[in-house]
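Asker: Return a 3D structure for these sequence lines:
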Amino acid sequence: MNTTFGLLFYLKKSKVNSAGNAPIYLRITVEGKRSEISTKRSVNPKHWSSEANKAVGRSQDIRELNAYLDILTSKVYQNYKLLIEDNREVTAETLKSKVLGIDEKERTLLSVFKAHNVQVEKLLGKEFSPGTLERYKTAYKHLENFMQFQYKISDIPLKKINHEFITDLEFYLKTERDCSHNTTIKYIKNFKKIVRIAMAKKWIKYDPFANYKVTLKEVKRDFLSKEEMDRLINKHFHNERLDRVRDIFVFCCYTGLAYIDIKQLSQDQLIKGIDGELWVKTNRQKTESRSHIPLLDIPLQIIKKYKNHPEVVTRKVVLPVLSNQKSNAYLKEIADLCQINKNLTTHLARHTFATTITLSNNVPIESVSKMLGHKSIKTTQHYAKILDTKVSADMNNLRTKMANNKADNSIKKIS
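Answerer: Purely as a prediction, here's the structure:
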């Protein structure tokens, strides 16, 4: 306990009453900062000793006054100790509030988390996306259910969150909620943000995450090969819904747009680029980063196919996109019909753009990163790691180059 702490009783002589008595105040000093408390008592200045910090005299009134000041002193020290034991920051003001019985209400995890989510909701479209709000709401619900399951409580004071609470939560999410490792860590990161807010506002003194270290596991990113893409594009569907979902999926494969971005893609986001060709220029919903994507022939054909669709005309969108849930359901049926043994989802199209469509065709990774709207090229590099075909092609080029060098050397020896 290194806090500099002091108490001093003094008279406010500027407020002497008609009887000649001055009010007694208690000054609390913590780390050089002061706060004052009225003792609700007064005394004649001639009976007050500044050196002794108390009243002097033998009368009954003086003895009772000093006894009261001693009790008040003990009360201050007692509350000072309580603040220390509660791991709360001790300041002149917090100690004064504690002594006066107007100590602030103890903050709890879910109350702070709920207030945070309310703020996020008010900032939708400005600083946060609907998806971000939904994740925070889900993380809140998981915490609520966890505390009821693990501790039979409805909430917990922030100061009682510790390393054990965090590891118990991780175990609960992986076992009781059957979350994957990466999903679990994402929910815990949402929870960690609330703890960071509490620390910044000095509602808790120590970081319960200080010794909690975990990392996301690298996920195998599936994508369609060129042969699978050809089967998908050339397949004829009699069902209009299947045909439409296939077309929109293929459009995403050739643009790299995520579901939410293609769903919201408006006609005014189709811009003539510096090359005179049509480009998609949009802000990614997830990261708010800018994406500039030149349109190849296939996506241009798809746009033309649906330009007179009622939904396209009415909503002024580029394509008539179904809900994500319905799209993914139809994609599973499409995969069976096209004999593609992969879990087709709207997001797999984005992976296909990054790999089969661009990187495999020697599009520089910097350009791919920009079109995908990645804020860091490191994110794009994850796609490059999984391209065995690209590695094979690069090594074949190396073999050819080395073979040519060997032939050149042989010719020089002969000559």
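Asker: What strand or helix carries V312?
Answerer: In the assignment (DSSP states H and E), V312 maps to helix 310-315.
Asker: Do me a favour and average the pLDDT over that helix.
Answerer: For helix 310-315, the mean per-residue pLDDT is 92.
Asker: Tell me which residues are up against the following helix or strand past it.
Answerer: Downstream of helix 310-315, the next assigned helix or strand under DSSP H and E is helix 324-337. Counting by C-beta atoms under 8 Å, 6 or more residues apart in numbering, helix 324-337 makes contact with 232, 235, 237, 241-242, 245-246, 248-249, 259-260, 263, 321-322, 340-346, all of which sit outside it. All C-beta spots, glycine's among them, are computed from the backbone N, C-alpha and C.
Asker: Whichever of the residues you listed end up buried, select them in PyMOL.
Answerer: The PyMOL command for the buried members of these (criterion: 16 or more other C-beta atoms under 10 Å) is given here:
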select buried, resi 232+237+242+245+246+248+249+259+260+263+321+322+340+344+345+346
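Asker: Filter the contacts of helix 324-337 down to just the ones in helices.
Answerer: Using DSSP state H, 232, 241-242, 245-246, 248-249, 259-260, 263, 346 are the members of the contacts of helix 324-337 that sit in helices.
Asker: Among the residues you listed, which one sits closest to I188?
Answerer: For the ones in helices among the contacts of helix 324-337, the residue nearest I188 by C-beta to C-beta is I260; the value is 24.3 Å.
Asker: what separates K114 from K122, distance-wise?
Answerer: For K114, the distance to K122 under the criterion C-beta to C-beta, to the nearest Å works out to 13 Å.
Asker: quick one, which of those two is more surrounded?
Answerer: In terms of neighbours (other C-beta atoms under 10 Å), K114 is the more surrounded of K114 and K122; the figures are 15 against 10.
Asker: Grab the nearest non-local neighbour of that one.
Answerer: Y140 (6.8 Å; C-beta to C-beta, 6 or more residues apart in numbering).
Asker: pretty sure that neighbour is in contact with V118, am I right?
Answerer: No - proximity of Y140 to V118 does not meet the contact threshold set by C-beta atoms under 8 Å, at 11.0 Å.
Asker: Comparing the two, which shows the higher neighbour count?
Answerer: A direct count of neighbours by other C-beta under 10 Å for Y140 and V118 places Y140 higher, at 20 against 10.
Asker: which helices and strands sit right next to the helix or strand that one falls within?
Answerer: With elements delineated by DSSP H and E, Y140 resides in helix 130-151, which encompasses its position. With contacts defined as 3 or more C-beta pairs under 8 Å, 6 or more residues apart in numbering; DSSP states H and E, the secondary structure elements packing on helix 130-151 are helix 109-122, helix 163-175, helix 181-200.
Asker: Can you give the contact residues for the first one?
Answerer: Contact partners of helix 109-122, identified using C-beta under 8 Å, 6+ apart, comprise 128, 132-133, 136-137, 139-140, 143-144, 147, 154-158, 161, 191, 193-194, 197-198, 203.
Asker: coming back round to it: distance from the helix holding Y140 to the middle of the chain?
Answerer: Using C-alpha atoms, centre = their mean, to the nearest Å, we find the averaged C-alpha position of helix 130-151 to lie 14 Å away from the chain's own average C-alpha position.
Asker: ok, and what's touching that helix?
Answerer: The contact list for helix 130-151 (C-beta under 8 Å, 6+ apart) reads 109-110, 113-114, 116-117, 120-121, 124, 153-156, 168-169, 172-173, 176-177, 186-187, 190-191, 260, 285-286.
Asker: Compute the inter-axis angle for it and helix 163-175.
Answerer: With axes from the mean of the first three to the mean of the last three C-alpha atoms, to 10 degrees as the basis, helix 130-151 and helix 163-175 are set at 110 degrees to each other.
Asker: can you give me the mean pLDDT across helix 130-151?
Answerer: On average, helix 130-151 scores 93.
Asker: how near is Q381 to C338?
Answerer: Counting by C-beta to C-beta, the gap from Q381 to C338 is 30 Å.
Asker: Between the two, which has more neighbouring residues?
Answerer: C338 (20 against 13).
Asker: So that one sits against L232, correct?
Answerer: Yes - contact criterion C-beta under 8 Å: C338 and L232 qualify, at 5.3 Å.
Asker: and the gap between Y10 and Q339?
Answerer: Where Q339 is concerned, Y10 sits at a distance of 90 Å (C-beta to C-beta).
Asker: again, but for F165
Answerer: As for F165, its distance to Q339 is 49 Å (criterion: C-beta to C-beta).
Asker: same deal with A200?
Answerer: Note on A200: its distance to Q339, by C-beta to C-beta, is 55 Å.
Asker: returning to what we had before: which one's more surrounded, Y10 and Q339?
Answerer: More crowded of Y10 and Q339, by other C-beta under 10 Å: Y10, with 15 against 9.
Asker: give me every residue that touches that one.
Answerer: With C-beta under 8 Å, 6+ apart as the criterion, the residues that contact Y10 are 24-25, 27, 50.
Asker: buried stuff in stretch 132-150?
Answerer: Taking 16+ other C-beta under 10 Å as the basis for neighbour counts, the residues of stretch 132-150 that come out buried are 132, 135-137, 139-140, 142-144, 146-147.
Asker: could you point out where the stretch 151-300 of the chain is predicted with low confidence?
Answerer: Within the stretch 151-300 of the chain, the segments meeting pLDDT under 70 span 218-219, 284-289.
Asker: can you do 80?
Answerer: Across the stretch 151-300 of the chain, the stretches falling below the confidence threshold (pLDDT under 80) are 216-221, 283-291.
Asker: The residue lying closest to R41 once chain neighbours are set aside in helix, strand or coil?
Answerer: Counting by C-beta to C-beta, 6+ apart, R41 lies nearest to I24, which is 5.0 Å off, once chain neighbours are set aside. For I24, the secondary-structure state derived from DSSP: H, G, I helix; E, B strand; the rest coil is strand.
Asker: next one: the one 10 residues further on
Answerer: Reduced to three states with three-state DSSP, the structure at R34 is strand.
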